[in-house]
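K.L.:
coords please:
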Amino acid sequence: MEIDYKKILELIPQQKPFRFVDEILNITDKSAHARYTFKHDEFFYEGHFPGNPITPGVILIETAAQAGTIPLGLYLLMASGKNEDEVKSYLTLFSECKHAEFLKPVLPGKIVDIKSDLIVWKRGKLETKTTMYVDEQEVANMIISGYMVKK
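P.N.:
Here you go, the predicted model:
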């Protein structure tokens, strides 16, 4: 299947100010690789932590889902023969995050590479092992699950 990364990016339902994926670098039927830059003016830095901002773990989990799991699910729907309108009729509902490890803080201005590897794709359930990197150093990893359901 020919991959139009920009089209898959457009199909991700989350939008600003709650969108944490800038670009999709690669997708196969087994993995996805995307990138996001945490801007200095993100809404959550003002209160987490004043004078010493750090990206909250829950935002890293959301980023992992948006930049890894959701694009992979959209790609798999398209690879199964669904057209763009059909794919738009689905939502990926977050269902679980297991074994989340936060190894290093992610600071404002950092570019995060998000790499997701497929674990399960069955009857609309999608599960990935997602690892996040800053400057090629692992900063977080987790297993994320979601369901692709009709709106």
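K.L.:
going forward, measure contacts and count neighbours with C-alpha atoms only.
P.N.:
Noted.
K.L.:
Go through the longest helix along the chain and flag the buried ones.
P.N.:
Among the elements of the chain assigned as helix by DSSP state H, the one spanning the most residues is helix 70-79. The neighbour-count check on helix 70-79 (16 or more other CA atoms under 10 Å) flags Ile70, Pro71, Leu72, Gly73, Leu74, Tyr75, Leu76, Leu77, Met78 as buried.
K.L.:
any chance you could map the helices in this structure?
P.N.:
Taking DSSP H, the helices of the chain run over residues 5-11, 57-64, 70-79, 84-88.
K.L.:
Please convert these to TSV, extending it with mean pLDDT and distance to Thr37.
P.N.:
Compiled in TSV, these are given as follows (pLDDT from 0 to 100; distance: least, CA to CA, whole Å):
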stretch	mean pLDDT	distance to Thr37
helix 5-11	92	15
helix 57-64	97	11
helix 70-79	93	17
helix 84-88	91	26
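K.L.:
hang on, the earlier thing: centre of the chain to the longest helix of the chain, how far?
P.N.:
The chain centroid and the centroid of helix 70-79 are separated by 12 Å, computed with CA atoms, centre = their mean, to the nearest Å.
K.L.:
Counting by contacts, list what that helix packs against.
P.N.:
Secondary structure elements in contact with helix 70-79, counted by 3 or more CA pairs under 8 Å, 6 or more residues apart in numbering; DSSP states H and E, are helix 5-11, strand 23-27, strand 31-37, helix 84-88.
K.L.:
Skip the chain neighbours and tell me the closest residue to Met148.
P.N.:
Taking CA to CA, 6 or more residues apart in numbering as the measure, Met148 lies nearest to Thr92, with 4.5 Å between them; neighbours along the chain are not counted.
K.L.:
The one you found contacts Gly68, correct?
P.N.:
No - Thr92 is not in contact with Gly68 according to CA atoms under 8 Å; the separation is 12.0 Å.
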